[in-house]
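Chemist: below: sequence and its predicted model.
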Amino acid sequence: MKKEKQDKLPKEVTRAAWAIAMAAIAPMLDTTMVNIGVNQFGHDFHTSLEIIQWVITGYVLALAVAVPVSGWLMDKFNGKKVLLYAELGFILSSVLAGLSWNIESLIAFRVLQGVSAGIIIPLMTTLLMKVAGPDKLGRLMAVVGTPIILGPLLGPVIGGFLIQWTTWRWIFFINIPVGLIALYLVSKRLDDFEPFNSESKMDWIGTILLAMMSSSLIFGITRAAHFASFHNHQTYWYVGLGLMTAILYVIYNGKKQNKTVMPLNLFKSKSFSGAIIGMFLVGLATNGPMLLLPLFFQNIKGFTLIQAALAMIPQGVGMLVARPTIGKLIDKLGARSVVMVSLVISLAGSIPFIFIDEKTSFVLIAVVLFIRGIGVGGITMPLMTDAYTGLQKGQIPQASIASRIIQNVGSSFGSAVLATVVATVVSGLKPTIPTILHGYQVGFLISVIVIGIMFIPALFLTNKRKATNN
């Protein structure tokens, strides 16, 4: 009984954590809802898909540019005030996006949304770390992880219903009540956070290099998906520019002796390096299939857009079921054991998709998705928590920047690679169900192979059981 009381999170900690997580719901919901509205944008603004894609791409690139800036804001200013202003910025830019009068204004306001989201999301992890401390972070992430999971999963469903019953403008207006609730909770339930280093000066060169690196890589990778091939000049050019900028940052970091916005000596920590590599691979292992599965349901099973979104719910339920247990296990055993077991479960829930076809019962698919959800739910959270294990207080904002950049690039990379692979497999062939199905099966096969590769970085994660025995 005593132990149970000790393990229970203090009420004030949980309340503060829920307020922080609430601030991140609108940006996470918004991303998936906007994807649903692409066809409506084209219809209302009478423009091409090439132009409309910038509604999504502009947001992602702005987010990538804002992430390095968020680290300096956390160092320099009160974390609570930064979160409040960033949330207010997201609400106002959502209002403007909903009032857009042409495609150019919508793209511009989406860029403003991306800047706010690029500050909110890394700030959320950093503030949760400060609220919980390293020993309780796993359990706390499990508690507040529920709305964070539900955001991306319910986004397509909510977006689909909003477009069907109202107009695409409500995809943005829905952020207003969610954001206002977040503002209230943050202002009432969150204490002021002292700046990590109030004397900190903006590392303009490092910030610009990191922003150029991540935005160039993301844009180059998305071009591959657009052309359905990696063999195009835009992908070569932008990915090359991103890699060249990364090399320049390494040189710059060495000259500044790790006194930069994202010091590379963070990678001396084995658990941090393992977590960062794992986060990148998660893009292919989990985010890529999240793109393929709704398309599989629509193009192979003949589901409508809303039916396809609803069909993803078993995976979300699996994630929710796993969350509370996973949080406790991370704090008790460390990330390594949790990730290893979760990878095995993910394989069990992913391998069947290599063989599933149009005749496969949806009941069987739902069971497999539920299993996959349990596995996937046990991968990302331990990686995120282990990125902070053993770091000093002043390194937390820097670690947030690194993990967010890698997640952004990895997510874009995973989605683009699998979309490009599917398009390449079916290109030049008659678009029949067996042909398209084969493309999806190859995509799922690649994600399964990457899940297998993830066992390698998982070996470098924290093993608390071993530490206790020693």
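Modeler: That came through, no problem. Please read all numbers here as calculations on a predicted model, not as lab measurements. Numbers count the residues shown, from 1 in each chain.

Chemist: shaky segments in the stretch 1-150 of the chain?
Modeler: Judged by pLDDT under 70, the stretch 1-150 of the chain has its weakly predicted residues at 1-9, 49-50, 132-150.

Chemist: which parts of it are helices?
Modeler: 2-7, 11-36, 38-45, 49-76, 79-98, 103-132, 137-165 (DSSP state H, counting those that start in this stretch).

Chemist: so which of these is nearest Phe172?
Modeler: helix 79-98 (3.7 Å; Cβ to Cβ). Just so you know, the C-beta spots here come from the backbone N, C-alpha and C atoms, and that holds for glycine as well.

Chemist: which elements pack onto the closest one?
Modeler: helix 11-36, helix 49-76, helix 103-132, helix 170-173, helix 175-189 (3 or more Cβ pairs under 8 Å, 6 or more residues apart in numbering; DSSP states H and E).

Chemist: dump those to JSON lines, plus mean neighbour count and distance to Leu347.
Modeler: Compiled in JSON lines, the helices and strands packed on helix 79-98 are given as follows (neighbours: other Cβ atoms under 10 Å; distance: least, Cβ to Cβ, whole Å):
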{"stretch": "helix 11-36", "mean neighbour count": "21", "distance to Leu347": "25"}
{"stretch": "helix 49-76", "mean neighbour count": "21", "distance to Leu347": "29"}
{"stretch": "helix 103-132", "mean neighbour count": "23", "distance to Leu347": "27"}
{"stretch": "helix 170-173", "mean neighbour count": "22", "distance to Leu347": "35"}
{"stretch": "helix 175-189", "mean neighbour count": "17", "distance to Leu347": "36"}
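
Chemist: Gln307: which of those is closest?
Modeler: helix 11-36 (13.1 Å).

Chemist: now the angle between helix 38-45 and that closest one, please.
Modeler: 60 degrees (axes from the mean of the first three to the mean of the last three Cα atoms, to 10 degrees).

Chemist: find the nearest non-adjacent residue to Met212, please.
Modeler: Take Met212 and drop its neighbours on the chain: the residue closest to it by Cβ to Cβ, 6 or more residues apart in numbering is Thr245, 4.7 Å away.

Chemist: sorry, slip of the keys, the one I care about is Leu243.
Modeler: Nearest to Leu243 is Leu217, by Cβ to Cβ, 6+ apart, at 7.7 Å.

Chemist: quick one, phi psi at the one you found?
Modeler: When read as degrees, to the nearest 10, the backbone of Leu217 gives phi -60, psi -50.

Chemist: go ahead and confirm Ser412 touches Arg223.
Modeler: No - Ser412 is beyond contact range of Arg223, at 10.7 Å (criterion: Cβ atoms under 8 Å).

Chemist: what residues does the residue nearest to Leu243 make contact with?
Modeler: 238-239, 242-243, 409, 412-413 (Cβ atoms under 8 Å, 6 or more residues apart in numbering).

Chemist: among those, which two are most distant?
Modeler: Leu243 and Ser412 (14.9 Å).

Chemist: state the distance from the closest residue to Met124 other than its chain neighbours to Leu83.
Modeler: Spatially, and ignoring its direct neighbours in sequence, Met124 is nearest to Ala24 (4.6 Å; Cβ to Cβ, 6+ apart). Computed with Cβ to Cβ, to the nearest Å, the distance linking Ala24 and Leu83 is 10 Å.

Chemist: go on, Ala308?
Modeler: With Cβ to Cβ as the criterion, Ala308 and Leu83 are 34 Å apart.

Chemist: ok, Asn102 next?
Modeler: For Asn102 relative to Leu83 (Cβ to Cβ), the value is 32 Å.

Chemist: higher neighbour count, these two?
Modeler: Looking at Asn102 and Leu83 with other Cβ atoms under 10 Å, you find the greater number of neighbours at Leu83, namely 28 against 12.

Chemist: which residues touch the more buried one?
Modeler: So Leu83 contacts 20, 23, 120, 123-124, 127, 186, 190 (Cβ under 8 Å, 6+ apart).

Chemist: among the contacts of Leu217, which ones are buried?
Modeler: Neighbour-count burial (16 or more other Cβ atoms under 10 Å) applied to the contacts of Leu217 gives 238-239, 242, 409, 412-413.

Chemist: spell out the secondary structure type for Glu194.
Modeler: coil (DSSP: H, G, I helix; E, B strand; the rest coil).

Chemist: can you report how many residues neighbour the closest residue to it other than its chain neighbours?
Modeler: Nearest in space to Glu194, with sequence neighbours left out and distances taken as Cβ to Cβ, 6+ apart, is Asn78 at 7.2 Å. Neighbour count of Asn78, defined by other Cβ under 10 Å: 16.

Chemist: Asn78 touches Asp191, doesn't it?
Modeler: No - shown here, Asn78 and Asp191 do not form a contact pair, counting by Cβ under 8 Å, at 10.0 Å.

Chemist: who touches the helix or strand hosting Phe370?
Modeler: Per DSSP states H and E, Phe370 falls inside helix 362-377. Residues outside helix 362-377 that contact it (Cβ under 8 Å, 6+ apart) are 149, 286, 293, 301, 311-312, 314-323, 326, 342-350, 352-353, 356.

Chemist: put the buried members of those residues into a PyMOL selection.
Modeler: Selection command for PyMOL covering only the buried members of those, criterion 16+ other Cβ under 10 Å:
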select buried, resi 149+286+293+301+311+312+314+315+316+317+318+319+320+322+323+326+342+343+345+346+347+349+350+352+353+356
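
Chemist: thinking again about what came up before, and of the buried ones among the contacts of Leu217, the nearest to Ile446?
Modeler: Phe413 (12.0 Å).

Chemist: Ile221 is in contact with the closest one, correct?
Modeler: Yes - counting by Cβ under 8 Å, Ile221 is a contact partner of Phe413 at 5.2 Å.

Chemist: quick revisit: can you tell me which of the contacts of helix 362-377 end up in helices?
Modeler: Among the contacts of helix 362-377, the subset assigned to helices under DSSP state H consists of 149, 293, 311, 314-323, 326, 342-350.

Chemist: average pLDDT for stretch 353-373?
Modeler: The average pLDDT within stretch 353-373 is 91.
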